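Visitor: Following is a predicted model, sequence given first.
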Amino acid sequence: FRVIIEGDKGDNMAKRDYRLVTDDKIRRVVFVSGKLFYELFHARASRKIRDITFVRLEQIAPFPFDRMARAASQFPNAELVWAQEEPKNMGAYSYVAPRFRTA
């Protein structure tokens, strides 16, 4: 399974008309799984936001602790958040939240 950081190998959205700020200036890293990534990607592009990046988790079980930690360490000044379409009491949040804090 893969954890895909924007701009890295495997990023099928790497060809875009704008660039993000440098890694140390990224203010928020949004970890996301599924089709929500594409909706957030296009919303960010339409608003010309350059200091938020996305990390796609293609599989959450077994949880990729090492890859999440590596992705988080790439953005030292950023707030780390999990995004999902479903309400907090549904979807993957209850599974991801404790693992997210551990990673």
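Guide: Good, I have the coordinates. Numbering: from 1, shown residues only.

Visitor: what are the phi and psi angles of the residue of the chain most remote from its centre?
Guide: Largest separation from the mean C-alpha position in the chain: Asn89, at 20.2 Å (Cα atoms, centre = their mean). Note on Asn89: backbone dihedrals following degrees, to the nearest 10 are phi -90, psi 10.

Visitor: One more: Phe31?
Guide: Main-chain torsions, Phe31, degrees, to the nearest 10: phi -90, psi 130.

Visitor: Surely it and Met68 touch.
Guide: Yes - in this structure, Phe31 is within contact of Met68 by Cβ atoms under 8 Å, at 7.1 Å. For glycine as for every other residue, the C-beta is placed from the backbone atoms N, C-alpha and C.

Visitor: and for these two, which residues touch both?
Guide: Common neighbours of Phe31 and Met68, using Cβ atoms under 8 Å, 6 or more residues apart in numbering, are Val55, Leu57, Phe100.

Visitor: between those residues, which is closest to Ile5?
Guide: Ranked by distance to Ile5 (Cβ to Cβ), the shared contacts of Phe31 and Met68 are led by Val55 at 5.3 Å.

Visitor: Quick one: list the elements packing against the helix or strand harbouring that closest one.
Guide: Here Val55 sits within strand 52-57, counting by DSSP states H and E. With contacts taken as 3 or more Cβ pairs under 8 Å, 6 or more residues apart in numbering; DSSP states H and E, strand 52-57 sits against strand 3-5, strand 28-32, helix 36-46, helix 65-73.

Visitor: got a list of what the closest residue to Met68 other than its chain neighbours touches?
Guide: In this structure, Met68 finds its nearest non-sequential neighbour in Ala103, 3.9 Å apart by Cβ to Cβ, 6 or more residues apart in numbering. For Ala103, the contact set (Cβ under 8 Å, 6+ apart) comprises Phe63, Pro64, Phe65, Met68, Ala69, Ala72.
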